[in-house]
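**Q** what follows is a predicted structure for the sequence shown.
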Amino acid sequence: MPHENTPPSVPLRVLVADDNPVVRAGLTALLTARADITVVAEAADGHTACAAAETHRPDVVLLDVRMPGMDGLSALPRLVRVAPVLMLTYSGEAEIVQEALRRGAAGYLVHGEFTADQLLTAVRDTGAGLAHFTATAAGAVRAQLRREPAGPPLPDGLGSATAYGESPPIPAQPPISAKPLSQLQPAVGQLTSGRSADRRPTAVDRSRFRLSAREAEIMDLIASGMTNQQIAAACFISEKTVKNHINRIFAKLHSTSRAEAAAKWLGTAPGSERAGDPR
């Protein structure tokens, strides 16, 4: 039994920053269900995240990369001055992972590559000063290390022999210079990821499909190229539930494949400009 004068443990305070309201709600529900974690604020963009961090002083920040206004990479330098930042995102491009680490990220998790329990462990460990990376991010870190210039010279005789008949090591290449997010990927802040209503093509009248809010959310994710497993992880639902939603979506869009449904949803299917014809 703890001593009667022992103060109660203080929950880990977390700020969740992601422009997808479904993802934010799912993360908040997952984290606050644990007695040792509490979500002190949510944010849908970098500006709001920075303001919330200054106000609430969290112990850990969960941060998406692609957000409207100020993206995650742009917000990172300000956020890391307040708390360790764990990137939690669909953006697994090596250049973005490496740039996030240069700007101070404490870890990097790519959606679809971790379980709920692994996420909880990563959040707790980030608060304790330990780093976590999913497979894609770890690969980007290894690639970066291979490209970094050599450090101080080794003592004489060490590291100079070729082992087991291998070829001599490839000379190190200069490190990648730090670049703003917009230069890492073409118009990265403008890409249509399908995860935010703000990014939908304005010319498409989607109300005619009569999808529910959840069905529209899932159709956005389908159009962005996600698998059922990734959609389930993003929405914190089972794959079976995802399949049930997709069956209803296909019926409403008069589609028999993901590609056909996505084309109609994005307005690229032949005749899709005719607002009265959902086929």
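**A** Good, I have the coordinates.
**Q** nearest residue to the residue nearest the centre of the chain in space, please, no chain neighbours.
**A** Geometric centre of the chain, nearest residue: residue 89, 0.4 Å, by Cα atoms, centre = their mean. Nearest non-adjacent residue to residue 89, counting by Cβ to Cβ, 6 or more residues apart in numbering: residue 65, 4.4 Å away. Every C-beta, even on glycine, is put in place using the N, C-alpha and C of the backbone.
**Q** same check, this time on residue 55
**A** Using Cβ to Cβ, 6+ apart, the closest residue to residue 55 is residue 41 (7.3 Å).
**Q** picking up where we left off before, what is the residue nearest to the centre of the chain paired to in the beta sheet?
**A** With DSSP bridges as the criterion, residue 89 is bridged to residue 110.
**Q** and the residue nearest to residue 89, what pLDDT?
**A** Residue 65 carries a pLDDT score of 93 in this model.
**Q** who are the neighbours in contact with it?
**A** 71-73, 87, 89-91, 96, 100, 181 (Cβ atoms under 8 Å, 6 or more residues apart in numbering).
**Q** just checking, residue 45 touches residue 72?
**A** No. Assessed by Cβ atoms under 8 Å, residue 45 is found out of contact with residue 72, at 9.2 Å.
**Q** which neighbours do these two share?
**A** Listed as contacting both residue 45 and residue 72 by Cβ under 8 Å, 6+ apart are residue 17.
**Q** which one of the two has more residues nearby?
**A** Using other Cβ atoms under 10 Å as the criterion, residue 45 and residue 72 rank with residue 72 on top: 29 against 20.
**Q** if we ignore the residues flanking it in sequence, what's nearest that one?
**A** Distance criterion Cβ to Cβ, 6+ apart; nearest residue to residue 72, sequence neighbours excluded, is residue 65 at 4.3 Å.
**Q** how much space between the one you found and residue 11?
**A** In this view, residue 65 and residue 11 are 27 Å apart by Cβ to Cβ, to the nearest Å.
**Q** please apply the same query to residue 229.
**A** Distance, residue 229 to residue 11, by Cβ to Cβ: 31 Å.
**Q** what's the domain layout of this structure?
**A** As given by automatic domain parsing, the domain ranges for the chain are 12-144, 195-266.
**Q** how about the longest helix along the chain: buried residues?
**A** Criterion DSSP state H: the longest helix present in the chain is helix 239-253. Applying a neighbour-count criterion of 16 or more other Cβ atoms under 10 Å, one finds 242, 245-246, 249-250, 252-253 buried in helix 239-253.
**Q** average pLDDT across the helix or strand encompassing residue 138?
**A** Here residue 138 is covered by helix 135-147, with elements defined by DSSP states H and E. Regarding helix 135-147, the rounded mean pLDDT is 83.
**Q** only the buried residues of that helix, if you could.
**A** Within helix 135-147, the residues that qualify as buried are 136-137, 140-141, 144, counting by 16+ other Cβ under 10 Å.
**Q** likewise stretch 83-96?
**A** Neighbour-count burial for stretch 83-96 flags 83-92, 94-96 (criterion: 16+ other Cβ under 10 Å).
**Q** please name every helix or strand in contact with the helix or strand where residue 261 lies.
**A** Residue 261 belongs to helix 258-266 when assigned by DSSP H and E. With contacts taken as 3 or more Cβ pairs under 8 Å, 6 or more residues apart in numbering; DSSP states H and E, helix 258-266 sits against helix 213-223, helix 239-253.
**Q** mean pLDDT lowest for which of those?
**A** Lowest mean pLDDT of those: helix 213-223, a mean of 86.
**Q** what is the subsequent helix or strand relative to it?
**A** As assigned by DSSP H and E, the chain's next helix or strand after helix 213-223 is helix 228-235.
**Q** re earlier: got a markdown table for the helices and strands packed on helix 258-266, with distance to residue 35 too?
**A** Putting the helices and strands packed on helix 258-266 into a markdown table (distance: least, Cβ to Cβ, whole Å) gives the following:
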| stretch | distance to residue 35 |
| --- | --- |
| helix 213-223 | 29 |
| helix 239-253 | 27 |
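**Q** show me where the stretch 51-200 of the chain has strands.
**A** Counting by DSSP state E, counting those that start in this stretch, one finds strands in the stretch 51-200 of the chain at the ranges 60-63, 85-89, 107-110.
**Q** which one, of those, ends up nearest to residue 124?
**A** Closest approach to residue 124 among the strands of the stretch 51-200 of the chain (Cβ to Cβ): strand 60-63, 8.5 Å.
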